[in-house]
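# Structure of the sequence below:
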Amino acid sequence: MRYLFSLGIFTAVTLLLNSCTVFKKSIPKPVKIVYYESEFNASLFSSASYTKYTDLVNQQEVSEGFLQNFKSEGSGTPNVILTTDETDADFILHLKTLRVRESSKTEKINDAKSNYNGMDVVLNSVECYAEFEIITVKDKNRRLNNCFNSKSRTEKVNNNRDLSDLISGSNKDHTQYHTKLLSDKIALNLAQDVGRRIWVPITRRISKALK
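A predicted model of the protein is given here:
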């Protein structure tokens, strides 16, 4: 029973994390939504004390990664016709912001048993943020509330045994600490995720406007 319960919890959490469509509010009738590919230009910058990740990608691949998932998710949404043609359109989406930012913070190790106790560790974070403006075509002076979404990942410091510890047989007392790094392509991965996730607030906003 405990195994089945754990399996059920794991499955539910996996679905929530891997598919934002779980939270998507359906649109009650077909709508034609216009977007402009020329607006999909990501900005990348870093305020980190030492940049690790935003230098490993470029603006083009981050922009294209976001756009590809944005189009795929939008086109796959029931009652949404996603197009670049304004003819007979109902709503226009303007991408106001697409940015990826790397930053850093300092964390102190607090473990009296470890030689690392009191040591400051610099951890880097990467965040992607996107914001859209929605305009109703019939009344272009009417703008719905902006839609936004973001996702971030941060390096972790821990005392878990890594592969080298297991091979060498060291750190059995978990007193040695190391930094768990992020993926080299974390900036691209986050942009892809946000490109998909942004449809949650978009569909909710449009659905509310159609009532």
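# From residue 84, how far off is the residue nearest to the spatial centre of the chain?
Residue closest to the mean C-alpha point of the chain, counted by C-alpha atoms, centre = their mean, is residue 151 at 3.3 Å. Separation of residue 151 from residue 84 (C-beta to C-beta, to the nearest Å) stands at 26 Å. C-beta: built from backbone N, CA, C; applies to glycine.
# Would you mind measuring from residue 87 to residue 34?
Residue 87 is 9 Å from residue 34, by C-beta to C-beta.
# Look at the two and report which has more neighbours.
Legend: neighbour count by other C-beta atoms under 10 Å for residue 87 and residue 34, higher for residue 34 (19 against 7).
# residues in contact with the more buried one?
For residue 34, the contact set (C-beta atoms under 8 Å, 6 or more residues apart in numbering) comprises 83-86, 89, 91-93, 137.
# how does it look with 10 Å?
81-87, 89-94, 135, 137 (C-beta atoms under 10 Å, 6 or more residues apart in numbering).
# now do residue 159
109, 111, 113-114, 116, 165, 171, 173-178 are the contacts of residue 159 under C-beta under 10 Å, 6+ apart.
# nearest to residue 191, of those?
Comparing the contacts of residue 159 against residue 191 with C-beta to C-beta places residue 178 closest, at 27.6 Å.
# Could you give the bridge partners of the closest one?
In this entry, residue 178 is beta-bridged to residue 158, by DSSP bridges.
# thinking it is in contact with residue 158, fair?
Yes. Counting by C-beta atoms under 10 Å, residue 178 does reach residue 158; the two are 7.2 Å apart.
# So which of the two has more stuff around it?
Legend: neighbour count by other C-beta under 10 Å for residue 178 and residue 158, higher for residue 178 (17 against 11).
# if I look at the more buried one, how far off is residue 120?
Residue 178 is 15 Å from residue 120, by C-beta to C-beta.
# Around residue 105, how many other residues sit close by?
13.
# What of residue 60?
Residues lying near residue 60 (other C-beta under 10 Å) number 10.
# swap in the one 4 residues further on?
For residue 64, the tally of surrounding residues (other C-beta under 10 Å) stands at 17.
# Residue 139 too?
8.
# i'd like the first residue to be 47 from this point on
In the new count, where the first residue is 47, that last one comes out as residue 185.
# Doesn't it lie inside a strand?
No. Applying DSSP: H, G, I helix; E, B strand; the rest coil, one finds residue 185 to be coil, outside a strand.
# Mind pulling up the pLDDT for it?
pLDDT for residue 185: 71.
# Could you check how far it is from residue 248?
Relative to residue 248, residue 185 is positioned 18 Å away (C-beta to C-beta).
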